[in-house]
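Engineer: Kindly generate the corresponding structure for this input.
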Amino acid sequence: MSMDARIPVTLVASPPDAADSSAAMLLAEPGLAMEGPVARFQPGQARHRFGCTCCGGRSAAAEALDRLFQARARGTCPWFERVVAVLPTEAARAELKAALREDRMVAARFRAADRG
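Structural biologist: Sure thing, here's the model as predicted:
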């Protein structure tokens, strides 16, 4: 039996009714206020130009997940065991799914949560 130690990411279209202290939030909706560890991104808008040395053209979703992981590792946010991604648009969901599938750093740290 093998264990997958990567952090599970659950995609939802709207915010959960109650806060979960074991979860960090990944948001693509700028006006949404949430408690606990939060990272935001705008789909299709990486911080730097495509192919720059520091990020190699990584997506905004990949950069947001990096910020969450680094905050957790450095102890600058409360510890979380999973990420809830509140992504109301198809563009945001597609960008996150691509990051989980194609970005090596994201794929090493995070995984899509099992449905069930």
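
Engineer: And the helices in this protein?
Structural biologist: Assigned by DSSP state H, the chain shows helices spanning 60-74, 90-102, 104-109.

Engineer: ranking these by burial, who's on top?
Structural biologist: Highest mean neighbour count of the helices of the chain: helix 60-74, a mean of 19 (counted as mean count of other C-beta atoms under 10 Å). Where C-beta positions appear, they are placed from N, C-alpha and C, glycine not excepted.

Engineer: Please tell me how far that helix is from the chain's geometric centre.
Structural biologist: 7 Å (C-alpha atoms, centre = their mean, to the nearest Å).

Engineer: between it and helix 90-102, how many degrees?
Structural biologist: If you take axes from the mean of the first three to the mean of the last three C-alpha atoms, to 10 degrees, helix 60-74 sits at 60 degrees to helix 90-102.

Engineer: Run through who's touching helix 60-74.
Structural biologist: For helix 60-74, the surrounding residues in contact (C-beta atoms under 8 Å, 6 or more residues apart in numbering) are 7, 9, 24, 26, 37, 39-47, 55, 77, 79-80, 83, 92, 95-96, 98-99, 103, 105-106, 109-110.
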